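Colleague: quick one, structure for this:
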Amino acid sequence: MAIVAVAALLLAGCTGDDSSTTTEDRATTPAPHPPTAEATPTPSPTSTPEPEPREFTLVATGDVLLHERLWVQAQRDADPDGTWNFAPQLRHVEPIVSAADLALCHLEVPLAEDDHLGEGYPTFAGPPSIVPALAETGYTACSTASNHIFDQGAAGVDRTLDGLDEYGIAHAGAARTEAEATEPTIVQIDVGDDTIDIGLISYTYGFNGIPYPNGDEWRSNLIDEDDILADAAAARDAGADVVVVSMHWGDEYVHEPNQQQLDLAPTLIGSPDIDVLLGHHAHVVQPMENVDGQWIVYGMGNFMANHAQPQGPRSEGLLVRLTFTEDLDDGTFHTSAAEYLPLYQTYEPPVEVLHVPEALASGETGTAGRARLEEALERTVDVVESRGGADEGLVMIDAD
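Modeller: Purely as a prediction, here's the structure:
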């Protein structure tokens, strides 16, 4: 043990270290490390969430052409105070209409001063209580250019637009003043936390030979290619994200588009300022056609009307539902889904508009009967899809 101790002392002396630290201390004391730079934490990557494209649904229906049988039903369904009520006639389509972001009707007739002063064919004056029924059903706008818009003169135009305003229903196609005629109709809809602006413009082939009231040619819009393109561009310039064009055209009671429709539709839908064409007037259903991703609805038939031919196609109509989705690259909208629903207007009381697939599925076929609704369904599908719409993604809305 002495040799080991001496060697340890000699070794300690060779180091020239005169500290009092012992070998045992050195063995248990960790050697110092050179100072190191404090590590900088690596920031966790933060990614900006991709914006969601804006999207909305548009529902549109055919002619609101108020024959007397509809008035009688509205009287039967009157409110306790005696006010006529048309809303029950629309109860079967209300869920689809009210669920849309924008629901567009076609009010073909001017309004009377009072329900009891209504007139039927050939010069119409619709009971004004139709307007609250349309609002209650969920309609947010109506097109008004038609061959009957001048049936009650300038006063009829003014009453109609005043009545729509009273219930918050936007309108396009007729005007009370020249200034109103030149101002685009822009409907702003809320979609999530954002809004989308929809431009509405409306035109008719004619006015049944009735002259412009007081010679005021601004009172309503005749179909003219240059005017339509210019009005669509004006709506776009006014901020419209999507422009909807309503066309009162075609041959009455004929399913196939006429030459004016076939000539004009491709030009209009080819405009960068027009996103969809919605047709009225024929009183029977006409086809839907896709052109480069956009839809032409040649004619939606009757919605609320009661021609004295319950067994014919005039009792059949069409509801169209289109979904528009934003392209985030350039902010434009395209039609991402196209759907249609066959409708049937009953003739015998209770007079009402039936959701045909739902009525057939439930067995609640009203006064129409199963066989008649099956006929309506088959004919509507054949006509609507006759120009290749199904190959372009067009589908029928089925029963819930």
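Colleague: what pLDDT, on average, does the helix or strand hosting P342 get?
Modeller: Using DSSP states H and E, P342 maps to strand 333-345. For strand 333-345, the mean pLDDT works out to 97.
Colleague: ditto for stretch 70-81
Modeller: 96.
Colleague: residues contacting it, please?
Modeller: 84-89, 115, 118, 127, 129-130, 133, 304-306, 349-352 (CB atoms under 8 Å, 6 or more residues apart in numbering). All C-beta atoms are positioned from the backbone trio N, CA, C, and that covers glycine.
Colleague: one step back: sheet partners, orientation included, of the strand holding P342?
Modeller: strand 316-326 (antiparallel), strand 353-355 (antiparallel), strand 395-396 (parallel) (DSSP bridges).
Colleague: any chance of the ones you listed in CSV, plus distance to V59, mean pLDDT and mean neighbour count?
Modeller: Converted to CSV, these look like this (distance: least, CB to CB, whole Å; pLDDT from 0 to 100; neighbours: other CB atoms under 10 Å):
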stretch, distance to V59, mean pLDDT, mean neighbour count
strand 316-326, 5, 98, 23
strand 353-355, 13, 98, 25
strand 395-396, 14, 98, 14
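Colleague: tabulate these in CSV, adding columns for distance to A282.
Modeller: Converted to CSV, the strands paired with strand 333-345 look like this (distance: least, CB to CB, whole Å):
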stretch, distance to A282
strand 316-326, 11
strand 353-355, 18
strand 395-396, 20
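Colleague: can you tell me which of those is nearest to W295?
Modeller: Closest to W295 of those, according to CB to CB: strand 316-326, at 6.4 Å.
Colleague: can I get the closest one in CSV, CA atoms only?
Modeller: What follows is strand 316-326, C-alpha atoms only, in CSV (Å, rounded to 0.1, in the frame of the first residue of the first chain):
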residue,chain,number,x,y,z
GLU,A,316,-97.2,19.4,-65.9
GLY,A,317,-94.4,21.6,-64.8
LEU,A,318,-90.8,21.6,-63.8
LEU,A,319,-88.7,22.8,-60.9
VAL,A,320,-85.0,23.2,-61.6
ARG,A,321,-82.3,23.3,-59.0
LEU,A,322,-78.8,24.3,-59.9
THR,A,323,-75.7,24.5,-57.7
PHE,A,324,-73.1,27.1,-58.5
THR,A,325,-69.5,26.7,-57.1
GLU,A,326,-66.8,29.3,-57.1
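Colleague: center of the chain, which residue is that?
Modeller: Nearest residue to the geometric centre of the chain (CA atoms, centre = their mean): L58, 1.0 Å.
Colleague: what angle sits between the strand or helix carrying it and strand 316-326?
Modeller: Counting by DSSP H and E, the element that carries L58 is strand 55-64. Relative orientation of strand 55-64 and strand 316-326, computed by axes from the mean of the first three to the mean of the last three CA atoms, to 10 degrees: 160 degrees.
Colleague: adjacent strands (with direction) for strand 55-64?
Modeller: Sheet pairing for strand 55-64, using DSSP bridges, gives strand 102-107 (parallel), strand 302-304 (parallel), strand 316-326 (antiparallel).
Colleague: that older thread, distance from the chain centre to the strand holding P342, please.
Modeller: 9 Å (CA atoms, centre = their mean, to the nearest Å).
Colleague: which among the strands paired with strand 55-64 is found nearest to N208?
Modeller: So among those, strand 102-107 is nearest, using CB to CB, at 16.3 Å.
Colleague: next SSE downstream of that closest one?
Modeller: Following strand 102-107 toward the C-terminus (DSSP H and E): helix 130-137.
Colleague: tell me the helix or strand right after that following helix.
Modeller: Later in the chain than helix 130-137, the nearest helix or strand by DSSP H and E is strand 141-143.
Colleague: the helix or strand that D197 is a member of vs strand 55-64, what angle?
Modeller: Applying DSSP H and E as the criterion places D197 in strand 194-204. Computed by the same axes, to 10 degrees, the angle separating strand 194-204 from strand 55-64 equals 30 degrees.
Colleague: so where is the protein shaky, pLDDT-wise?
Modeller: Residue ranges of the chain with pLDDT under 70: 1-47.
Colleague: can you give me the helices in it?
Modeller: Secondary structure of the chain by DSSP state H: the helices cover 2-14, 23-28, 68-76, 94-99, 130-137, 153-166, 178-182, 225-237, 259-269, 356-362, 370-384.
Colleague: tell me which of these is the most buried.
Modeller: helix 130-137 (a mean of 21; mean count of other CB atoms under 10 Å).
Colleague: what does that helix rub up against?
Modeller: 64, 66, 74, 85-87, 89-90, 93-94, 97-98, 103, 105, 107, 111, 142, 163-164, 166-169, 304.
Colleague: first-to-last residue distance for stretch 235-248?
Modeller: This stretch, stretch 235-248, spans 19 Å end to end (CA to CA, to the nearest Å).
Colleague: show me what counts as buried in it.
Modeller: Along stretch 235-248, these residues count as buried under the neighbour rule (16 or more other CB atoms under 10 Å): 235-236, 240-248.
Colleague: hmm, back to that, reformat the helices of the chain as TSV; add distance to W218.
Modeller: Conversion of these to TSV gives the following (distance: least, CB to CB, whole Å):
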stretch	distance to W218
helix 2-14	115
helix 23-28	104
helix 68-76	31
helix 94-99	31
helix 130-137	23
helix 153-166	11
helix 178-182	4
helix 225-237	12
helix 259-269	21
helix 356-362	40
helix 370-384	35
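Colleague: next, count neighbours for G270.
Modeller: If you count neighbours by other CB atoms under 10 Å, G270 ends up with 12.
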